[in-house]
Structures are given as structure tokens and as C-alpha cells.
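Enquirer: Need a 3D model of the sequence below.
(2 chains)
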Amino acid sequence: DIQLTQSPSTLSASVGDRVTITCRASETISSWLAWSQQKPGKPPKLLISDASTLESGVPSRFSGSGFGKEFTLTISSLQPDDFATYYCQQFDGYGWTFGQGTKVEIK
Amino acid sequence: QITLKESGPTLVKPTQTLTLTCSFSGFSLSTSGVGVGWIRQPPGKALEWLALIYWNNDKRYRPSLKNRLTIIKDTAKNQVVLTMTNMDPLDTATYYCAHGSTVHYAFDFWGPGTMVSVSS
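Expert: Presented below is the predicted three-dimensional model:
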């Protein structure tokens, strides 16, 4: 089974900071890598699919990149609405795997 | 506008079978490329994919839970049903259903989730 490891697990940052979250796969995966944002008591919201495609309506401060085993989610200028937990997920041709999540907290 | 909503019991006893229904609107499960999946999240923990059914009745299951899960669709009713047998307290979680497709292989629309507790 492919494992996804996100780093860091928790991130403390201030409004306006540039934030980068990394998702590392246990083996080379395709570009079917997505990023979602989840706030307490709410379902996840898809931000990015295909490693770098921004979903409709998602602010342009979010961006995704990477290939092979390492992928990143970048928030160029953190906004108050961005404090949440972020998950990467990948499709391996049969099913899906999620990372363990990265919580972005207010510094 | 795509919407999904989960329904089912909030409390089940150990060893019982859980049946959850996902009712959706705004898309059809007879449309090529469309799928509906189930994902769960234990309290304070990460998301875990469980199962997915495609428009063509192709079914995918989490390998470690394959023997306990069954997913079916009722295209006419716009519903997908997930059953999980032999429930255990470790299965306590919020269960989500979500829309997916073979375009991006990502879950792009989610239901609000339903909390299921397993306790005697």
C-alpha cells in the first residue's frame, strides 16, 4: 500500500506568511494527487487536483506542485480563513489514500 | 448544484451491521465517469477512504476492510448505500459520502457527514 506522509504535522504561522506543506509518498505516484482543506466540524473542501490544478473558486494564493514522490501545497500569503487542517490524497489506480493531515495554527 | 447527504443510525452495537445511505442531487450515477465514494474520519484523526462505486457498477473497496464492506447504487433514487458488518468501537467515526469522477480522481463534493458511534 502506498503511504502518504505530510510534514509538518502542525504549523504555526501568522497572517501574511508564506506557508508550504509537503506530502511524500512511499513510492512514485501519478499526478492524481489532490489537496483538501478541512475546518472543525465540516467536510473537506477540495482545493487542488491533479497535483497543480486549482479548483474553481479557490483563491489564487493556493498552489500545488510536485511529481514522483514529493508534492507541495503552498499558500503565498496566509489569510485568517486559511487556518485549518490540510490533507493530501492520492489515487493509485484502484483506490485512495489520505495523508495524516497538517494543522495550520495561528502563531 | 451538486449536493450529497448521509443518513443512518447514530449508534450501533458491537458486532452489528451498519447501513448508511447517501442521497444526492445535481448529478446522475448513470453518467460516464461519475462515482460516489465513502470516507470516514475517527474523532480527531485523519480521513480514511472506504469504498467507491462508479457509474458502470465498478466497485472499489479499501483492501483492509474489503471483507466487511458492500457498496451498491440505486440510480433511479439517486442513492448509494454502504454496509459495514461486524462493527467495532474502533469504527466510531464521522462517515462522509462524496462525489468523484474519472476526470481528476479526487473527491470534489462532500456531504456534511454523519457521526456513528459503536458502543454496547
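Enquirer: And for residue 76, the neighbour number?
Expert: Picked chain A for this. A:S76 sits with 15 neighbouring residues when counted by other CB atoms under 10 Å in any protein chain shown. No exception for glycine: its C-beta is placed from N, CA and C like everyone else's.
Enquirer: Correction: the question concerned chain B.
Expert: B:A76 has 9 neighbours, counted by other CB under 10 Å.
Enquirer: Would you mind measuring from A:L4 to B:P9?
Expert: A:L4 sits 31 Å away from B:P9, going by CB to CB, to the nearest Å.
Enquirer: more crowded one of the two?
Expert: Counted by other CB under 10 Å, A:L4 and B:P9 do not tie: A:L4 has more neighbours, with 21 against 13.
Enquirer: and the gap between that one and A:G101?
Expert: 10 Å.
Enquirer: Which residue, other than its chain neighbours, is closest to the residue nearest to the spatial centre of chain B?
Expert: Computing the C-alpha centroid of chain B and ranking residues by CA atoms, centre = their mean puts B:W38 first, at 2.6 Å. Distance criterion CB to CB, 6 or more residues apart in numbering or on different chains; nearest residue to B:W38, sequence neighbours excluded, is B:L50 at 4.4 Å.
Enquirer: Using the three-state scheme, assign the one you found.
Expert: Per DSSP: H, G, I helix; E, B strand; the rest coil, the secondary structure class of B:L50 is strand.
Enquirer: For it, which residues are in contact?
Expert: B:L50 sits next to B:37-40, B:61-62, B:65, B:69, B:82, B:84, B:95 when contact means CB atoms under 8 Å, 6 or more residues apart in numbering or on different chains.
Enquirer: What of B:K77?
Expert: B:S23 are the contacts of B:K77 under CB under 8 Å, 6+ apart.
Enquirer: Just to be sure, it is in a strand?
Expert: No. B:K77: not assigned to a strand; according to three-state DSSP it is coil.
Enquirer: that older thread, can you tell me how far the residue nearest to B:W38 is from A:S7?
Expert: Separation of B:L50 from A:S7 (CB to CB): 26 Å.
Enquirer: Next: A:S31.
Expert: Note on A:S31: its distance to A:S7, by CB to CB, is 20 Å.
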